[in-house]
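J.: Predicted model, plus sequence, below.
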Number of protein chains: 2
Amino acid sequence: MKIAIAGAGAMGGRFGSMLAKNGEDVVLIDQWEDNVKAINQHGLKIETDTGTEMYPMRAYLPQEIDEKMDLIIFFTKTLQLERMIQAIKQVIQPDTQVLCLLNGLGNIETMEKYFDRECIFMGVTMWTAGMKGPGYIHLSGDGSIKIQNIGASGEKKAQNLCDVLSQAGLKASYSPDIMESIWWKAAINGCLNAPCTILDCDIQALGSTPQINPMLTAILGEFQAVAKSQGISLDVDQIMSDLAKTFDPSQAGKHFPSMHQDLIQHHRLTEIDYMNGYVSRIGKEKGIDTPVNTFITELVHNKEYLLKAQ
Amino acid sequence: MKIAIAGAGAMGGRFGSMLAKNGEDVVLIDQWEDNVKAINQHGLKIETDTGTEMYPMRAYLPQEIDEKMDLIIFFTKTLQLERMIQAIKQVIQPDTQVLCLLNGLGNIETMEKYFDRECIFMGVTMWTAGMKGPGYIHLSGDGSIKIQNIGASGEKKAQNLCDVLSQAGLKASYSPDIMESIWWKAAINGCLNAPCTILDCDIQALGSTPQINPMLTAILGEFQAVAKSQGISLDVDQIMSDLAKTFDPSQAGKHFPSMHQDLIQHHRLTEIDYMNGYVSRIGKEKGIDTPVNTFITELVHNKEYLLKAQ
């Protein structure tokens, strides 16, 4: 199968290399020149807990590649998804399947603008990976993937897609309610990312603050109301219980969520509009009150401005 | 007139010295030992734009003084008001008048717990002053005071009080709607203090952020609703216009509000419960939605916890 990984950061590198090792014809596509150059010169440097290898792979800048793909797996930043789709139009055929595994809300709307619904697959992944430098990733831990087709007739294709990924060790399974999983993950992220960013603390410290529960309950109540308006059911009690596990010092460690890394540590623009900001936007469209997520979104955008984030 | 200034920081020093220079019998009371000691040893060091003087004044720790007062003017931190009242019980007679000029909401409830309503006067002051060290204050700029009695029969006493203050140059005038002025000032502070603290920026920078207006509108809408439940009318458009002046670079300068100084710069507990937190608390009591001020209050308390504020 001819597979493009669009966005060859840590997760793209993990998926790309695992699929390639299983015999798929994989190319990596990335906007980051140093990354592309390093991979082409030395292979992808893959560090695991047991050792390091240089795994030969082909990598391209978006404008450099012109081969038609059977499958494109998107692993860009959410903010860059649309630009990436536009930049690799030339590799897309009418029956090219596209799988979006990005965190965040609203990606499906972006995908629908460019692809036939029958070819779109949305997914949630529990795999993790870290970027250590250009062409250099670190892999540890276990994971799994849930996938669902968006078009009605694509279920069989989704099952095939799961097979391709699972044969490469990626443990993919079909989910009949992927939007609930996407919202679940977005709600978790909406409770961790912006609060840690605004308070400038790691997840464990956030979980230790005295007034964390009413804060999270307020955030989640609005997520739930907006999700409901899209026909999606969110179990707030379950999410609170999942968050409590995340805050457990024996589980969470001293980890800063990605938004903190982006904004506070690197002064990069955040994905707030695809988390709390999406809830705020849809809330406004549907006449649902979302004052807390709106306020959070404004705070984060103002902090972006103050830190001259780009 | 025998006057005690309870809380002899910058503002207490300003009021106390101006009243003493006009012939009133003034004592300063403060919890800060170094301050009391410095004033007693060298006088109050008063710096103005035209020079510096050492003005002799009597200063006491609360437990050290036992003279009955005609008037007590409170200039503690809001957080310390109740403790100060309790600590100077011995100087209070049944007809001692008490004037509270502190910023913040809820002080009137504290005053009513300890004093007869006929003796309580609430005020708002536009004077400013800066503390430069123990027994050392800086005075600049012009100001004025508005005062109102709380008890029905105290209006004449309030007028007398205004005369005493005005004769000392403090420009006091009677206001028939002091609670509106107190709410107006609290609303201004509720829009500046916590947002600058949460975003770690000065007032001018806050005013320059792109999403400041919806943030402030959300905060003020809740202030207005809760004020209305107490029979007080807040003009949100007027306050937005007053805030816009504060943000004007030619007016505001690069000034950090007191809450930022307290929490971010000195890791001290904040007065949030007497600003946005008061709106949140009364909102809960009266069944008025105040999600934004509640969230702000929780954020600030969590930041206090993270910074180990005391």
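T.: Good, I have the coordinates. What you see is a predicted model, and the numbers here were worked out from it, not measured in a lab. Residues are numbered from 1 along each chain as shown, chains lettered A, B, ... in the order given.

J.: I figured residue A:21 hits residue A:168, correct?
T.: Yes: the criterion here is C-beta atoms under 8 Å, and residue A:21 meets it with residue A:168 at 7.0 Å. Bear in mind the C-beta positions are built from the backbone N, C-alpha and C, glycine included.

J.: Compare these two (neighbour count), which wins?
T.: residue A:168 (21 against 13; other C-beta atoms under 10 Å in any protein chain shown).

J.: Now residue A:141. Its backbone dihedrals?
T.: Main-chain dihedrals, residue A:141, degrees, to the nearest 10: phi 80, psi 170.

J.: Pull the contacting residues for it.
T.: Going by C-beta atoms under 8 Å, 6 or more residues apart in numbering or on different chains, residue A:141 touches A:127, A:128.

J.: measure it to residue A:130 for me?
T.: Distance of residue A:141 to residue A:130, computed by C-beta to C-beta, to the nearest Å: 10 Å.

J.: likewise residue A:239?
T.: Remark: distance between residue A:239 and residue A:130 (C-beta to C-beta) = 25 Å.

J.: ok, residues contacting the helix or strand of chain A with the lowest mean pLDDT?
T.: The weakest-scoring helix or strand in chain A, judged by mean pLDDT, DSSP states H and E, is helix A:249-252 (a mean of 75). With C-beta under 8 Å, 6+ apart as the test, helix A:249-252 has contacts from A:203, A:204, A:207, A:245, A:246.

J.: Just the C-alpha atoms of the one helix or strand residue A:34 maps to, please, in PDB.
T.: Per DSSP states H and E: residue A:34 is located in helix A:33-42. The C-alpha trace of helix A:33-42 is given here as PDB (Å, rounded to 0.1, in the frame of the first residue of the first chain):
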ATOM      1  CA  GLU A  33      13.400  21.400   6.000                       C
ATOM      2  CA  ASP A  34      16.000  20.300   8.500                       C
ATOM      3  CA  ASN A  35      13.800  17.300   9.400                       C
ATOM      4  CA  VAL A  36      13.400  16.200   5.800                       C
ATOM      5  CA  LYS A  37      17.100  16.700   5.100                       C
ATOM      6  CA  ALA A  38      18.200  14.700   8.100                       C
ATOM      7  CA  ILE A  39      15.900  11.800   7.300                       C
ATOM      8  CA  ASN A  40      17.100  11.600   3.700                       C
ATOM      9  CA  GLN A  41      20.700  11.900   4.600                       C
ATOM     10  CA  HIS A  42      20.900   9.400   7.600                       C
END
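
J.: ChimeraX command for the buried members of the contacts of helix A:249-252?
T.: Provided next is the ChimeraX selection string for whichever of those are buried by 16 or more other C-beta atoms under 10 Å in any protein chain shown:
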select /A:203,204,207,246
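
J.: Filter the contacts of helix A:249-252 down to just the ones in helices.
T.: Among these, the residues falling in helices (DSSP state H) are A:203, A:204, A:207, A:245, A:246.

J.: Now tabulate those residues in a markdown table and tack on pLDDT and distance to residue B:258.
T.: As requested, the ones in helices among the contacts of helix A:249-252 are arranged in a markdown table below (pLDDT from 0 to 100; distance: C-beta to C-beta, whole Å):
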| residue | pLDDT | distance to residue B:258 |
| --- | --- | --- |
| A:203 | 94 | 31 |
| A:204 | 94 | 31 |
| A:207 | 95 | 30 |
| A:245 | 91 | 39 |
| A:246 | 90 | 35 |
